[in-house]
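K.L.:
Provided below are the primary sequence and the corresponding predicted coordinates.
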Amino acid sequence: MVARPLMPGTVVITGGCGFLGAALSKRIVDDGLVLSDGQHLTSPQIHLWDQPGAQVPVLPKVHFKAVDIADKNAVRAAMPDDVVLIYHLAAVVSGQAEADFELGMRVNLGGTNAVLEAARAKSPGMPVIGTSSLAVYGGSPQEPLTEDTQIQPQNTYGVTKAMAELVMADYHRRGWADARTLRLPTVTVRPGKPNAAASSFASSIIREPLNGVPAVCPVDPEMMLWVASPDAAVAALWHAASVAKADWPAFGAVNVPGLRVQVSEMIAALRARAGDDTANLIEMKPDQRIIDIVGTWPTLFDTRLAQSLGFVGDESFEAILDQAFLMK
């Protein structure tokens with residue numbers, strides 16, 4: 001597809017001050033964006049929506065606005081007139097959603113409704129790219145899983161994400177928004193500090209020891225995970241905007257490529273790369289609450305659909321570890 005120039009427009013990123021939003025903003029500032037019709041955003045304005053007091057990345061043409069994502073009136077009022085693309089990343093993460101049912105529903109489902117309705121009101125058919133999770137699956141599905149595998153979430157986070165996927169799909173079907181959902185693997189190694197996600201340990205058992213800080217592994221080291229690096233996750237979000245409308249699946253949800261890795265393999269890779277003193281900072285301390293959530297997530301996917309659309313995953317966990325070293 002040959003990129004065609006486009007008059008300047010604005011890209012909105014909800015939850016934009018999180019690590020994915022900040023990294024995506026930098027990618028857009030550095031490389032621009034190509035939309036699904038081939039139009040090229042070479043230097044768009046970027047509006048990051050997040051909670052008051054959020055840490056805003058210092059980048060050219062990046063602006064911050066505090067927005068209650070679940071308040072439909074606030075979302076509609078904040079939507080800029082020249083918006084051409086929305087990335088909906090705002091969410092209550094897994095452990096927090098399980099602990100606070102009402103908040104998880106309000107933000108993960110209500111926020112998606114608010115964003116979609118504001119997009120529809122501003123410009124029917126506008127592209128809205130949202131993130132979902134492998135947590136929408138559950139039970140004991142046959143692996144490898146595909147987009148056709150039945151979703152049976154086993155925790156509140158997965159339930160809210162599944163419902164948000166369905167709403168996105170209906171807006172897509174009706175032509176009210178070019179709604180596209182990316183089911184991301186567990187992203188590791190996340191920069192920053194641990195958060196309330198049940199999978200937060202997948203980053204902390206690497207990130208903290210690399211910085212000389214003890215970390216806790218709350219699951220059996222034999223547990224398998226489906227993971228992707230921050231670079232791969234950002235690349236997927238950036239690429240999703242450019243896929244032609246005719247090629248995107250009707251339901252709208254795509255499983256992003258990842259790697260299947262055992263927790264013990266992650267620790268062994270860290271030990272081989274950083275030494276025993278670093279790896280020995282990890283304490284094995286089972287946490288049944290974490291196990292009950294993460295243990296329901298599948299760990300092997302057939303991502304041929306995503307690959308046919310141009311999505312690319314990580315080569316190895318060692319390559320992911322290389323990124324973690326750069327973040328030290």
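P.N.:
Arrived safely, thanks for sending.
K.L.:
switch to C-alpha atoms for all contacts and neighbour counts from now on
P.N.:
OK.
K.L.:
what about Thr303, how many neighbours?
P.N.:
For Thr303, the count of nearby residues is 20 (other Cα atoms under 10 Å).
K.L.:
Same question for the one 5 residues further on.
P.N.:
Applying other Cα under 10 Å, we find 10 residues neighbouring Ser308.
K.L.:
now Val67
P.N.:
18.
K.L.:
Give me the pLDDT for it.
P.N.:
pLDDT, Val67: 97.
K.L.:
Tell me the backbone dihedrals of Asp81, please.
P.N.:
phi -60, psi -30 (degrees, to the nearest 10).
K.L.:
can you count the residues close to the residue lying closest to it once chain neighbours are set aside?
P.N.:
Closest residue in space to Asp81, ignoring its immediate chain neighbours: Lys122 at 7.2 Å, by Cα to Cα, 6 or more residues apart in numbering. Counted with other Cα under 10 Å, the neighbours of Lys122 add up to 17.
K.L.:
how near is Lys122 to Asp170?
P.N.:
18 Å (Cα to Cα, to the nearest Å).
K.L.:
mind listing the helices for this protein?
P.N.:
19-31, 72-78, 94-99, 101-104, 111-122, 156-174, 201-210, 230-240, 263-274, 276-279, 288-294, 304-308, 317-327 (DSSP state H).
K.L.:
Can you flag the weakest of these by average pLDDT?
P.N.:
helix 317-327 (a mean of 89).
K.L.:
Return the set of buried residues in that one.
P.N.:
Neighbour-count burial for helix 317-327 flags Phe317, Ile320, Leu321, Gln323, Ala324 (criterion: 16 or more other Cα atoms under 10 Å).
K.L.:
what residues are up against the first one?
P.N.:
I take that to be Phe317. Counting by Cα atoms under 8 Å, 6 or more residues apart in numbering, Phe317 makes contact with Leu259, Val261, Met266, Ala269.
K.L.:
Kindly indicate which of the residues you listed lies nearest Val294.
P.N.:
Of all the contacts of Phe317, Val261 has the smallest distance to Val294: 13.8 Å, by Cα to Cα.
K.L.:
give me the beta-bridge partners of that closest one?
P.N.:
Beta-bridge partners for Val261, by DSSP bridges, are Leu225.
K.L.:
Report how many residues lie close to the residue lying closest to Gln51 once chain neighbours are set aside.
P.N.:
Distance criterion Cα to Cα, 6+ apart; nearest residue to Gln51, sequence neighbours excluded, is Ala66 at 5.2 Å. Neighbourhood size, Ala66 [other Cα under 10 Å]: 16.
K.L.:
One more: Ala202?
P.N.:
With other Cα under 10 Å as criterion, Ala202 counts 24.
K.L.:
Could you do Ser316 as well?
P.N.:
Neighbours around Ser316, by other Cα under 10 Å: 14.
K.L.:
Next, give phi and psi for it.
P.N.:
In terms of degrees, to the nearest 10, the main-chain angles of Ser316 are phi -160, psi 170.
K.L.:
Can you tell me, leaving aside adjacent residues, what's nearest to it?
P.N.:
Using Cα to Cα, 6+ apart, the closest residue to Ser316 is Leu259 (7.2 Å).
K.L.:
now the residue nearest to Asp81: how far from Val107?
P.N.:
Lys122 is 21 Å from Val107, by Cα to Cα.
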